[in-house]
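S.K.: just to be clear, the model below is a prediction. Sequence and coordinates:
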Amino acid sequence: MRQLAIVAIVGVATAIYTASIGFCQNDIKKVLAYSTISQLGYMFLGVGVGAYSAGIFHLMTHAFFKGLLFLGAGSVMHALSGELDMRKMGALRKKIPITFWTFFFATLAIAGVPGLSGFFSKDEILWQAFSSSHGHFLLWLVAAIAAGMTAFYMFRALFMTFFGESRVDHHVAHHIHESPKIMTVPLMVLAGLSIIGGYVGVPHVLGGANHIHEFLAPVLGGGAEPAKAHAGISLISQAWASGGEAGGHSVALELLMMAVSVVIAFIGIGMAYLFYVKNPALPKMLAETWRGLYRLVYNKYFVDEIYQVLFINSLKDLGTALWRGFDDFIIDGTINGIAYLVGWVSGVLRRVQTGFVQNYAFAMVIGGVILLGYYIVRAIFY
């Protein structure tokens, strides 16, 4: 149980932490990268509250709309000669309409707008975070706030890229064009999957049949979910008739929580519209007013800098110490010492081995005298 709780806490903390970083990033690919980490946090939240199939369901739907978003960003880059900075974009929706519409549907999906794939998988995780025996209201609350933040920064990216006044460099503006079919056809395919891909996991409270849960049940355990109804209205009627319970949970409560998550998503979308379409000067004004907070979030809470100081610089200092102390002194010192010893011995032997016959004859006489002296002393004393 504790392990699952840790997984859930890490997941929801990751979701909201990286979602906040997406608020201030201007590189379109960085926004999507931090969004990916945030959505991975949602998947781990699903696993942490015991909703394994919900986590995998979100992994599947996320593949559709996030793949589409990255390919859409690539199409924007293609149109703008490689530009990534959203501050140098704007008013592109009429110039690259296929890219815009597909990017728009993917943004709706990741924001959790009802009817699209992201709504079904994200709502399933939120509901399980609230209602599961491993869940908790605080887990749901933080995840719901992160969902609203996701809607905000993703529509921020959409509005900065495709709406408002053009901020494109005038040298690039003359060459803006839609991507070729080899790029736009995959966008349209993924857009279709972003719209309909979630219908394999329509919750029972809406009259659906959660096929992905049933498909994964033999592997993940826990059996199938509660009995399904063929129509949402009939299920709700049955629930109210039986005291408001369906599958062990209040249908009214589940519908209410679903409605709350949708409202939170639309609040995020509305805030993005206010900031980046209705009043584009507002973000700069708030950034100047809350300069410290903006700098903190813009620099990703200085995690890279802290990592640099704590790990990279420390390991570099340790490597330098090992290099100078161990490698230079011990390894190189040993090798150089052996080389010096061999050189010294060679120098001594070179003086003995002169190559002159008289020196060798003299050495033989000296050797003979030493041997003779040895035997004389031995004979006298032993």
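M.R.: Happy to help now that I have it.
S.K.: now the helices: where do they sit in the stretch 151-300 of the chain?
M.R.: Per DSSP state H, counting those that start in this stretch, the stretch 151-300 of the chain carries helices over the ranges 170-173, 181-196, 211-220, 232-241, 251-273, 281-289, 291-298.
S.K.: want to throw those into JSON lines with distance to R350?
M.R.: All C-beta spots, glycine's among them, are computed from the backbone N, C-alpha and C. Below are the helices of the stretch 151-300 of the chain laid out as JSON lines (distance: least, Cβ to Cβ, whole Å):
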{"stretch": "helix 170-173", "distance to R350": "76"}
{"stretch": "helix 181-196", "distance to R350": "77"}
{"stretch": "helix 211-220", "distance to R350": "80"}
{"stretch": "helix 232-241", "distance to R350": "102"}
{"stretch": "helix 251-273", "distance to R350": "86"}
{"stretch": "helix 281-289", "distance to R350": "79"}
{"stretch": "helix 291-298", "distance to R350": "72"}
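S.K.: least confident of the ones you listed, on average?
M.R.: The stretch with the lowest mean pLDDT among the helices of the stretch 151-300 of the chain is helix 232-241, at a mean of 38.
S.K.: re earlier: of all the helices of the stretch 151-300 of the chain, which lies closest to A54?
M.R.: Evaluated over those, closeness to A54 peaks at helix 211-220, with 7.8 Å, by Cβ to Cβ.
S.K.: which parts of the longest helix seen in the chain are buried?
M.R.: Across the chain, the longest stretch assigned as helix under DSSP state H is helix 52-79. Buried residues in helix 52-79, counted by 16 or more other Cβ atoms under 10 Å: 52-58, 60-62, 64-76, 78-79.
S.K.: same deal with stretch 122-137?
M.R.: 122-132, 134-136.
S.K.: stretch 7-21 now?
M.R.: Neighbour counts using 16+ other Cβ under 10 Å place 7-9, 11-12, 14-21 of stretch 7-21 among the buried residues.
S.K.: who touches it?
M.R.: For stretch 7-21, contacts defined as Cβ atoms under 8 Å, 6 or more residues apart in numbering pick out 34-35, 37-49, 129, 134-135, 139, 142-143, 145-146, 149-150, 153, 297, 300-301.
S.K.: any idea how far Q128 is from the closest residue to L193 other than its chain neighbours?
M.R.: Once flanking residues are discounted, L193 sits nearest to F64: 4.1 Å by Cβ to Cβ, 6 or more residues apart in numbering. For F64, the distance to Q128 (Cβ to Cβ, to the nearest Å) stands at 21 Å.
S.K.: show me just the buried residues among the contacts of stretch 7-21.
M.R.: By neighbour count, with 16+ other Cβ under 10 Å, the contacts of stretch 7-21 hold 34-35, 38-49, 129, 134-135, 139, 142-143, 145-146, 149-150, 153, 297, 300 as buried.
S.K.: so of these, which ones are in helices?
M.R.: 34-35, 38-48, 129, 139, 142-143, 145-146, 149-150, 153, 297.
S.K.: output the lowest mean pLDDT helix or strand found in this protein.
M.R.: One helix or strand of the chain scores below all others by mean pLDDT, DSSP states H and E: helix 232-241, with a mean of 38.
S.K.: residue contacts, the nearest residue to T99 once chain neighbours are set aside?
M.R.: If you skip the residues right next to it in sequence, T99 has S75 as its closest partner in space, 4.3 Å away by Cβ to Cβ, 6+ apart. Contacts of S75 were listed using Cβ under 8 Å, 6+ apart, and they are 96, 99, 179, 183-184, 187.
S.K.: let's see that with 6 Å instead.
M.R.: Residues near S75 by Cβ atoms under 6 Å, 6 or more residues apart in numbering: 99, 179, 183.
S.K.: where does the first one fall, secondary structure wise?
M.R.: Which is T99. For T99, the element it lies in under DSSP states H and E is helix 97-111.
S.K.: that helix vs helix 181-196, what angle?
M.R.: If you take axes from the mean of the first three to the mean of the last three Cα atoms, to 10 degrees, helix 97-111 sits at 30 degrees to helix 181-196.
S.K.: ok, and what's touching helix 97-111?
M.R.: Helix 97-111 is contacted from outside by 65, 68-69, 72, 75, 93, 116-118, 151, 154, 158, 162, 178, 184, 187, 191, 194, 265, using Cβ under 6 Å, 6+ apart.
S.K.: circling back to that earlier point, wait, which of the buried residues of stretch 122-137 is closest to I330?
M.R.: Closest approach between the buried residues of stretch 122-137 and I330, by Cβ to Cβ: H134, at 54.7 Å.
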